[in-house]
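Participant: everything below, folded, please.
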Amino acid sequence: MFTHFLNILATAISVVSLLIVTYGALVAFITFLGNELKRFTGQYSTVNIRRLRAELGTYLLLGLELLIASDILKTVLEPSWDELAILGGIVVLRTILSVFLNKEIKELESEKNAS
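Facilitator: Take a look at the predicted model:
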């Protein structure tokens, strides 16, 4: 019974993760379209695109962190090499995204402070 509960919990966490990533992508798409429409009024800014990338990255990171939690639960329940490989891949991907996102956020902050 406890194993069944953990399977359901892992699945629920995975679904929440996918919803967060989907929501972030939808917000990013709408923001992107709004910025592109500003080309007609001359208010287009590449800084807005960089901010958009940083914002989308935060959604992706949150989604990946939840996927890591879900995969940890699945790995505990069914420890296999496949599950460990998936978990390792997600952790590596999340780490790489985090490094580049933090770099981009720092660059945006330094540009904001300079102006």
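
Participant: how many other residues sit next to residue 2?
Facilitator: Using other CB atoms under 10 Å, residue 2 is surrounded by 7 other residues. C-betas here are computed from N, CA, C, even on glycine.

Participant: okay, it and residue 71: tell me how far apart.
Facilitator: 19 Å (CB to CB, to the nearest Å).

Participant: these two touch, right, residue 50 and residue 105?
Facilitator: No: using CB atoms under 8 Å as the test, residue 50 is too far from residue 105 to be in contact (9.6 Å).

Participant: shared neighbours of the two, anything?
Facilitator: Counting by CB atoms under 8 Å, 6 or more residues apart in numbering, residue 50 and residue 105 have no common neighbour.

Participant: export stretch 107-115 as PDB, just CAs?
Facilitator: Extracted C-alpha coordinates of stretch 107-115, given in PDB (Å, rounded to 0.1, in the frame of the first residue of the first chain):
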ATOM      1  CA  GLU A 107      24.400  40.100 -16.700                       C
ATOM      2  CA  LEU A 108      20.900  41.600 -16.800                       C
ATOM      3  CA  GLU A 109      21.400  43.000 -13.300                       C
ATOM      4  CA  SER A 110      24.700  44.500 -14.100                       C
ATOM      5  CA  GLU A 111      23.200  46.100 -17.300                       C
ATOM      6  CA  LYS A 112      20.300  47.400 -15.200                       C
ATOM      7  CA  ASN A 113      22.600  48.900 -12.600                       C
ATOM      8  CA  ALA A 114      24.800  50.500 -15.300                       C
ATOM      9  CA  SER A 115      21.900  52.400 -16.900                       C
END
